[in-house]
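>>> only geometry, no sequence info:
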């Protein structure tokens, strides 16, 4: 199996809220870890579908994005097109991720 880059998951809690961050990709918030995970997956879904359907435009001020992030988003979109489980792919063991292209 190839060595596939995986964004780091970070959890932050404060004042009864949770923020789950998929480093350099997106994050989700909620009153519980489950709500934060659902929000994160919704945002990831939107990003992956957008990249595959229309591409991304990047501003010169922001600089070039990390190619690993673009690959990660592309692979998430590929998984969705095949009817795969995005939740398992993000939160499951590394073996559930598609191989790097």
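Great, that's in hand. On a predicted model such as this, the values are computed, not experimentally measured, just so you know. Numbering: from 1, shown residues only.
>>> where exactly do the strands run in the protein?
9-14, 17-22, 26-30 (DSSP state E).
>>> residues making contact with the shortest one?
Residues lying outside strand 26-30 but in contact with it, judged by C-beta atoms under 8 Å, 6 or more residues apart in numbering, are 17-21, 35-44, 47. All C-beta atoms are positioned from the backbone trio N, CA, C, and that covers glycine.
>>> Tell me which two of the residues you listed sit farthest apart.
Pairwise distances across the contacts of strand 26-30 (C-beta to C-beta) peak at 22.2 Å, for the pair 17 and 47.
>>> more neighbours, those two?
For residue 17 versus residue 47, the count of surrounding residues by other C-beta atoms under 10 Å is larger for residue 47: 18 against 13.
>>> Name the nearest residue to the more buried one, sequence neighbours excluded.
Of all residues beyond its chain neighbours, the one nearest residue 47 is residue 73 (5.5 Å), with distances taken as C-beta to C-beta, 6 or more residues apart in numbering.
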